[in-house]
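Student: Turn this into a structure:
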Amino acid sequence: MEVVTVDIGGTHARFAIAEVADGRVVSLGEPTTHKTAEHASLQTAWQAFGAAQKRPLPRAAAIAVASPVGGEVIKLTNNPWIIRPALIPERLDVDDFVLINDFGAIGHAVAQAPDSEFLHLAGPDQPFAPAGVLTVCGPGTGLGVAQVLRTPLRYHVLETEGGHVDYAPLDGIEDAFVKHLRKKFTRVSTERIVAGPGIVGIYETLAEIENRAIPRLDDKAIWTMALEGKDSLALAALDRFCLSLGAVAGDLALAHGAKGVVIAGGLGLRLKEHFARSGFAERFAAKGRFQQMMAAIPVKLIIHPQPGLYGAAAAFAQEYTS
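Tutor: Numbers count the residues shown, from 1 in each chain. This is a model prediction of the structure:
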């Protein structure tokens, strides 16, 4: 069975045609990317994708959106499109559809992607156990967190708000992060530090510690300097980000009773060369009396180039073909 799979973010909407069968994704076609600002709605972007295919589109849709999916109207973050789920069959000319949160789609991708789509980061370098909980966390604009409960017969994706738990500092420098951010936020949650914009607070705090005057920079500028290795303070902020991500991923694994952990998201991919030398693995396992147990948990980075498209198609496959 073929399905049009769609991954809609704030800036881009990605489309592809997937083949699904027996509850799984069989293949994913070449993706096409459209800028959301250049289309009035999902319907017009869908039609533009269809026109380029020069063939009738499948009458099935798997749609991942960067927004909660409950309610009669979905308003996307940083995107003027409005989606009314009840009108999807009529507007997109489909018979069946799945509408899922974008990080829920990542959970489905983690559940179905082959071992070759994962890069080892920490713990034993071995495949995930076939049953049990996998913790998935993805630092991006925020910190997405999900659980994938796998059984020998099926899997279940549980979306959570785990990125909003309190941040737990582990040394004096991290105490300073919280003190600095508390000037702006009454409560310092994990994603205030372990998400893309969090690099700003880390960078500014390190400058305060060194009594260094710095220009006000946004997160994109700091990430660029850090990843290019052009600024020692930005590089120190990157290392601190990876340490905190390791600690947070370990806390989530403890809370979930996880048998494995997956780091997801575009930011995770950009950091893949830095994890090994940043102390990420040591911080992940540094849980006192549970250190030995934590060190036995495999931690991997999902490297599939289109996990949102793949995961949306996987969600459709599980609902309609399993």
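
Student: Okay, strands next: where are they in the chain?
Tutor: 2-8, 12-21, 24-28, 32-35, 60-65, 74-75, 82-83, 96-101, 118-122, 132-139, 143-150, 155-160, 260-263, 299-302 (DSSP state E).

Student: so which of those gets nearest residue 283?
Tutor: Nearest to residue 283, of all the strands of the chain, is strand 118-122, at 9.4 Å by C-beta to C-beta. C-beta here means a position set from N, CA and C on the backbone, and glycine is covered the same way.

Student: How about the closest one, which residues are buried there?
Tutor: 118, 121, 122 (16 or more other C-beta atoms under 10 Å).

Student: Residue 253: which of these is nearest?
Tutor: residue 122 (10.6 Å).

Student: I'd say the closest one and residue 286 touch.
Tutor: No - counting by C-beta atoms under 8 Å, residue 122 does not reach residue 286; the two are 11.4 Å apart.

Student: Flag the shaky bits of the stretch 1-150 of the chain, pLDDT-wise.
Tutor: Across the stretch 1-150 of the chain, the ranges flagged by pLDDT under 70 are 77-78.

Student: same thing but at 90, please
Tutor: 9-12, 37, 54, 66-71, 75-80, 101-102, 140-142 (pLDDT under 90).

Student: Retrieve the pLDDT associated with residue 152.
Tutor: Residue 152 is assigned a predicted lDDT (pLDDT) of 87.

Student: neighbours of the residue lying closest to it once chain neighbours are set aside, just the number please.
Tutor: Excluding the flanking residues, the one nearest residue 152 by C-beta to C-beta, 6 or more residues apart in numbering is residue 131, at 5.9 Å. Per other C-beta atoms under 10 Å, the neighbour tally for residue 131 reads 12.

Student: before we move on, what about residue 205?
Tutor: Look at residue 205: counted by other C-beta under 10 Å, it has 22 neighbours.

Student: Let me see the contact set for it.
Tutor: Shown in contact with residue 205 (C-beta atoms under 8 Å, 6 or more residues apart in numbering): 173, 176, 177, 180.

Student: I'd assumed residue 166 was in contact with residue 192.
Tutor: No - Residue 192 lies out of contact with residue 166 (C-beta under 8 Å); the separation is 10.0 Å.

Student: More neighbours: which of these two?
Tutor: A count of neighbours by other C-beta under 10 Å puts residue 192 above the other of residue 192 and residue 166, at 24 against 10.

Student: Against residue 210, how distant is that one?
Tutor: Residue 192 sits 21 Å away from residue 210, going by C-beta to C-beta, to the nearest Å.

Student: repeat for residue 312
Tutor: In terms of C-beta to C-beta, residue 312 sits 45 Å off from residue 210.

Student: out of those two, which sits in the more crowded spot?
Tutor: Each of residue 312 and residue 210 has its neighbours counted (other C-beta under 10 Å); residue 312 has more, 35 against 11.
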